[in-house]
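In: everything below, folded, please.
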Amino acid sequence: MKIKELLIKHKEIISYIFFGALTTAVSFVSYSIFVLLFNAVGLQNIVFLGASLAVSIANLISWVCAVLFAFVTNKLWVFNSKSFEKDVVLPEFLKFLSSRIATGVLEIIAVPLLVSLGLGFALFGIEGLLAKLIATVVVIILNYILSKLLIFKK
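Out: Numbering: from 1, shown residues only. Model (predicted):
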């Protein structure tokens, strides 16, 4: 009975972690599909910001897919905000999108900053992986706090 009580007590955090993992899967799967699709139409030969246009566009679309998936799952199953009235869902979505953009920018800045502060050594042969991991954990925690306190507040 102890495990069931713990699951009930921490349902929101467990749900957040579960749907976060699914959001990551949505991001990676959609990215892979779009890279293959865009390569099939020849976008791999056009370079944009040091990567093929296929990679750049696929990355953007996969981020949009992941944010939309995360919004719906967080709204309905993590924070139990069931209203889809325009006066409720539109402010929730705009705050959610704004917070995800802000934490995304934070991660973009934090990784090189942490590397410059001495956390850039290779982990599993990948330079800066520890910095990326630390930044990601901070972003996940911030996304949870922002969602709970500002976006889907009861």
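
In: switch to C-alpha atoms for all contacts and neighbour counts from now on
Out: Noted.

In: quick one: classify the nearest residue to residue 114 once chain neighbours are set aside as helix, strand or coil.
Out: Excluding the flanking residues, the one nearest residue 114 by Cα to Cα, 6 or more residues apart in numbering is residue 131, at 5.5 Å. For residue 131, the secondary structure call by DSSP: H, G, I helix; E, B strand; the rest coil comes out as helix.

In: does residue 131 touch residue 107 like I think?
Out: No. Taking contacts as Cα atoms under 8 Å, residue 131 lies outside contact range of residue 107: 9.8 Å.

In: before we move on, back to that, and for the residue nearest to residue 114, the neighbour number?
Out: Other residues near residue 131 come to 24 when the count uses other Cα atoms under 10 Å.

In: likewise the one 5 residues further on?
Out: Residue 136 is flanked by 18 other residues according to other Cα under 10 Å.

In: correct me, but residue 54 touches residue 44?
Out: Yes. Look at residue 54 against residue 44 with Cα under 8 Å: they come within range, at 5.2 Å.

In: neighbour-wise, which of the two wins?
Out: Taking neighbours as other Cα under 10 Å, residue 54 and residue 44 compare with residue 54 leading, 24 against 18.

In: you'd agree the more buried one is in a helix?
Out: Yes. Residue 54 forms part of a helix when assessed by three-state DSSP.

In: stretch 110-126: end-to-end distance?
Out: End-to-end distance for stretch 110-126: 17 Å, by Cα to Cα, to the nearest Å.

In: the closest residue to residue 19 other than its chain neighbours: which element?
Out: Ranked by Cα to Cα, 6+ apart and with sequence neighbours excluded, the top spatial neighbour of residue 19 is residue 73, at 6.6 Å. Assigned by DSSP states H and E, residue 73 belongs to helix 53-73.

In: so how far is that helix off the chain centroid?
Out: For helix 53-73, the separation from the chain centroid amounts to 9 Å (computed by Cα atoms, centre = their mean, to the nearest Å).

In: after it, which helix or strand is next?
Out: Next along the chain after helix 53-73, taking DSSP H and E as the criterion, comes helix 86-114.
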